[in-house]
Structure formats: structure tokens, C-alpha cells
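Novice: what would the 3D arrangement of this be:
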Amino acid sequence: MWVPKLALPAIAMFAATAFAQGSPADLAAALSNSDAALRAVAYETAAKHGPEAISAVAPLLNHENPAVVRAAKLAIEKIAGAASTPETARQTASRALCRALFIVQSEEGRRWLFWLVSYTCGPEAVDSLSVFLDNPETFDHAVFALQSIGGPESVNVLARKLAAASLEQRVAMLIALGAIRDASAVQTLLTEAKKPEPDCIPAIEALGRIGGKEALKAVSAAIRRSANPRIADAYLRLLEQQSGKLAAKGYANLLKTTQNPKLQCAALRGLGKTAKAGSAKDITRYLAAERADVAGAARAALVDLPGAAVDRKLTSLLRKAQPDAKSQLLEVLYARSPDSVRPILEEAVQSDPTVEVKAAALELLARTMDSQYESLYLEGAQQSDDSIKTAAVHGYLKLAAKVLGDGDRYKALEMYHRSLDLAGGVEEKRLALQGLTQIASPDTLLRLQNLADNQPPEELRLDLGRCALAIADALRSSDRDLALQVYNAVLDRAAFRELSLQAADGLRALGITVDAKDRYGYITRWKLVGPFLNMGFQTSYPPEVEFKPKADYAGVEGRRIRWTDLVVTDVQGCTDLAETLKPNENVIAYACAEVTVTQAQDVILKIGSDDGVICWLNGAKIHEHDVARRLQPDNDTVPAKLKAGKNILLMKIVQGGGGWGFCARLTTPDGKPLRFEN
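Specialist: Below you'll find the predicted structure:
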């Protein structure tokens, strides 16, 4: 019969009333109806039927239609949810769900029921669940449900079933007993913990979760007879639950018995939180541990120990300690009380016989940023021992930074100059240069010149250049000629692209344009074609065969590509191909240039590329380098011969990912820029 669409809501309303007033069998029939709308009405009104309807609906979990199964689940959930109170209704629903476990045969349906039982049922479900422990197919689900329900009832069932369980099942039940954390499981677990390894391990771990004096006693005995880290972990878990004195004793016992660095660290951290001054001596022994994490844990524990008695004990230990431990103890005392330890540090600097301790004391005094130690640092900076000298210069540099921060630029300049003169190591020189960069005084230029002339290490050159550029920037308005001189000096010496670009910017601000070709020999006019798909470094593409300026080629993604003109304005002749060509990953490009000279001559071709590169000169391959690297001018140096007149240089620049670019310049064999037409 044809029914108008507008009549359907009325039918649904009628059906809702009928289902609510009907029997559980009527509800089950509606839930299995082929009409989705009627199923929806049925499960929405299911709660009105009460817990007794669960037994009628549960068989639908075996249904072959997933939509019917889903409707049945929703209905059962609504019934169980509505029956959560009062307690009698909850128990009725719980028993109905347990009966349903025996009705449902599908694996998915039964698994879902166990899940529902685990969070809606109480102790009344335990006996029913115990039956499913005997079936390997339902064992895991039953253990999970019992663990979720918890209480002595679940403990009793799991303990009773242990004897007949397989090894794998026994482990699962012991884990569940630990997760339930009910004291009624302790006696069972104590019995299991007496078994030999590895059978005892799950029980010991479970005891660690439950806690209590009996558990602590049993696990303490186990740790004395075994170095198993799982037993130690259980012991640590138990100690975390104990009071200070008892926990401290346990951590001390663990520290004596274990050689495991992880457990040593845990025991030391525990002592730091629970022990008193009497434990300081035992902890101090670990300051000299070979492993940095253990020594660090010992330091942290000594810092954490509470009370003035600990300070007195550490001071007493300091007098008798070996140099390496003495240095560590000084650091601990400083961390505990920076002000009260100062007299001890001052005494160590003045009179301790070992340079290691003197240097450590100087480093700690430097943290105070106190100007009263300035003369002490200057005296130490004159020492021949590198460790004392380094510590003293570090302290003096910290003072200089404080003086600069306070606004006294003149005194800070003097102090940074002195630091630069006294510093023996690269790190100290860099710190001094960084301070001088902030001040940017032309009085520093002579020192920079001297450093630059003495072939400084690469890590120092960048700070040298930055300092010089800061000074040049400051000079622009007051001394243009000197600023020009500094910019040009940095540009000519720059080993870092960052410095070259900044120097060129500075010159440009003063109206000076740098010609990369005339000044350094860079090739600045090219023909460029690409990108081609990167099929391999040695794969040959048409531009390698013959240079045809008007030719076009098949590029990436089938695009037609042609040679285009490229004029380079970069001060180092660099071209950023990643910006110029798209796509720019896993591709190849070619750059071609004409170089004209008046006579045949030997030259040096200096190439920069990101990534690999192949070069041909007048059709002959003269260089190749298959490499992944960033672009830096003069990455590669290649001897070559130019003929009189026009020469053709072809470069193949190979790209994987990231940056992509190239540059090339020509010099005479002695390194001077070559004069040529491009």
C-alpha cells in the first residue's frame, strides 16, 4: 500500500508506543526489522522494558546483519544504563548480562558483552565469569572483566584458578591480581613469589603494585637473592609507598645490592627525597661514578637532602675527599647554598693544592657575578695551567657582561679587550668577541686585525667578521672612509657567505656597488635550462651533447623547457636555483657561459654547488663531484686551460632535496681574479 511520506513520522510514533507497551519479544522483533527507522525507534525506547529484556535481545548479537547487531548493542546499552540505580536494578541487569554471555556465540558479540560486563557489573557477576576462565577462547576477556570489577570476590576466583592454569594464563592472572590492588591477594602472591625465577617475577611485580609491609618484606628478600631489574622495579614501586625512614632504608639497601645504572640512579634519587645527613657519605661515593647519569643522580640527591646537618656533613666530607669528588662536593654545596659556601670556595682558590679543585672553585665563584672577585680572576688568568686560566677568564667575562648590562660601556670595553688578550681557548675568545660586537667600538679594530692575521680557526672567523661588521655599521655616519675600509676588508677575507652578503649590504648603503666579476672573477652571465627529472648523476641529457641556444627539451612532467638568460647580481656570483626553477626536488639543471680571453692560459676554476656538479670546458669534461652539500663559494677547485678567444663552460647541477644552487669563478694560478669577457 502506498503511504505518503508525511505519514511516516506518525507511523514511527505509533510504533514507539507499541514497542514500549509490548513484550521483550516484541522489542527483539522490532530490533531485527528490516526497516531502519523502526529499529531506531525500538532501541531508543528499549530502556522502558527493563533488565528482563536483555535475555530476549542478546541472541540478536549473533545476527548476520551488522545493522541488526548494532541496534541490539544500542538497546542493551540503554537498558543496562537505565538500570544502574537502584542497586537491585543494577544487580538484575548484571545477572541478565552474565546469562547473555552463555547465549551469544559470535566472537565479536561475546567480546562486546564482556566489555559491557566489565564496567557495568559488580561482585554478583564473578561466579558467572569464573566459568569462562576455563575456556581458552574466552579466558582473556574473563580476566579483563574480573580485573575491572575487582574486589575480594574477583581475587578469590583468580587465586582459585591459578593452580590449573597454563604458564601464560598464570602470568595474566597474576598481573590482574596486581592491578586489582586488593590486600586479599597478598597471601596468594607471597606463595607465588617464593617460586624460582622466572616464575616468581609476575607475583613480585603484583606485590609491588599492591604494597604493604608483607609485600615489602617479600620483595626485599627477593632483591637480595636476585639482580633481576624487574624485581628491582617492583621494589622501587613499593618504596615509593613507604614513609621516609623505611623508604630511606630500602633505597640504601638497593644501592648496595645493584650494579644496574638505572636502578642506582633511582635509588640515589629516592635517598635524596627520604634520607637524612647520615646517608650523605654513602651517596658521596657515587659522585665519582664512571657513568655521568649516576654521578648526576648522586649530585642531585645530595642537593635534595634536607637540613643544616647535611651541610655540616658535606663540609666535613669535603676536607677528606679526593680531588675529583671534592670538585663535585663544591658544586653540591654551591647548589644548596650559594652564599654560605663562598668562604669555602675562596679558600679553595687560594690554598687548595690541586688545580682541578682551584678551577672548579673559580667556575663556581664566577656564577655569583660578584665584582669583588675581579682581581682573583685576573690573577688566575695569568696562571700557566689551562684549566685555571680558562675558569678565571670565564669568570672575568661574566663580570664584563654584567658591567655592560649595567650600562658602563667604557669599562666593559676595557674588560672585553683584556679578556681577548688573556684568553687561551677559542670559546673564551668567541665570548669576548661577542661582547665587543655589542659595544661596536673602533678601538677594537686593531685587535681584530691581529687576530685575523694569525690564521684563526674557522669557528672564530665568523665572530671576527660579525664584530668587524658591527663596528663598520656604527661608523657609517661618523667615519665613512673607515667604514668603507672595514667593509672591504671583511668582504675580501670572508669565508662565510653570511659575512659577504652583510658587507656588500653595508657598502651598498654607502653608495658602493660590488662587481663580483671584476673583483673576484665570478661568472655572472649564463644561459640556464631546467629542470630535468633526476634519473641519476651520470645520466646524460641533451644539453650535454651540444649547446643549442634556441633548442627546447622535454623537462619534468612533460613540460617544454628552453634556455633562458641569467644575470647574477649576487656578490659571490651565486644563483638560487630552488627559487629560479620549479619543481625543485630530485631534478637537474644546466648552466652555460661564454668566457673570452685574449690569449691561451692556465687558470683555476673555483666552483660552488648544492648538490653535485659536472663541468665541461669546450666540450671536454674537466670535473665531476657526486655529493650532497650546501652551496659555498669555492667548494671545488679545478685546474683548467683556456684557449685564446671564446670558451664554452657547461655546468650540470644535480639536486636531491633542500637547497639548490651554484656559482663559479676564474682566477690565475696564484689566486688573483682573472680578467675576461663574459
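Novice: now do the helices in the stretch 351-500 of the chain.
Specialist: 355-366, 374-381, 386-405, 409-422, 426-439, 445-453, 458-475, 480-493, 497-509 (DSSP state H, counting those that start in this stretch).
Novice: reformat the ones you listed as a markdown table; add distance to Glu347.
Specialist: Placement of C-beta: from N, CA and C, glycine included. Formatted as a markdown table, the helices of the stretch 351-500 of the chain follow (distance: least, CB to CB, whole Å):
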| stretch | distance to Glu347 |
| --- | --- |
| helix 355-366 | 8 |
| helix 374-381 | 12 |
| helix 386-405 | 15 |
| helix 409-422 | 24 |
| helix 426-439 | 26 |
| helix 445-453 | 36 |
| helix 458-475 | 36 |
| helix 480-493 | 48 |
| helix 497-509 | 47 |
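Novice: nearest residue to Ser387 other than its sequence neighbours?
Specialist: Among residues not flanking Ser387 along the chain, Ala359 sits closest, at 4.1 Å (CB to CB, 6 or more residues apart in numbering).
Novice: what sits against the one you found?
Specialist: Asp385, Ser387, Ile388, Thr390, Ala391 (CB atoms under 8 Å, 6 or more residues apart in numbering).
Novice: go again using 6 Å as the cut-off
Specialist: Applying CB atoms under 6 Å, 6 or more residues apart in numbering to Ala359 gives the contacts Ser387, Ile388, Ala391.
Novice: emit the PyMOL select command for whichever of these are buried.
Specialist: Selection of buried members from those for PyMOL, criterion 16 or more other CB atoms under 10 Å:
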select buried, resi 388+391
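Novice: JSON lines for the contacts of Ala359, including pLDDT?
Specialist: Converted to JSON lines, those look like this (pLDDT from 0 to 100):
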{"residue": "Ser387", "pLDDT": "93"}
{"residue": "Ile388", "pLDDT": "94"}
{"residue": "Ala391", "pLDDT": "95"}
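Novice: if we only consider the contacts of Ala359, which is nearest to Asp602?
Specialist: Ser387 (51.4 Å; CB to CB).
Novice: distance of the closest one relative to Pro353?
Specialist: Applying CB to CB, to the nearest Å, the value for Ser387 to Pro353 is 14 Å.
Novice: find the helix or strand that the residue nearest the centre of the chain is a member of.
Specialist: Centroid-nearest residue in the chain, with CA atoms, centre = their mean: Asp293, separated by 18.4 Å. Using DSSP states H and E, Asp293 sits in helix 292-304.
Novice: list the buried residues of the following helix or strand past that helix.
Specialist: Using DSSP H and E, the helix or strand that follows helix 292-304 in sequence is helix 308-320. Buried residues in helix 308-320, counted by 16+ other CB under 10 Å: Val310, Asp311, Lys313, Leu314, Leu317, Leu318.
Novice: tilt between helix 308-320 and helix 292-304?
Specialist: Angle of helix 308-320 versus helix 292-304, following axes from the mean of the first three to the mean of the last three CA atoms, to 10 degrees, is 130 degrees.
Novice: now do the contacts for the residue nearest to the centre of the chain.
Specialist: Contacts of Asp293 (CB under 6 Å, 6+ apart): Cys265.
Novice: what about it, distance to Thr390?
Specialist: For Asp293, the distance to Thr390 equals 25 Å [CB to CB].
Novice: ok, Gly558 - how many residues close by?
Specialist: Neighbours of Gly558 under the rule other CB atoms under 10 Å: 7.
Novice: now Thr120
Specialist: 20.
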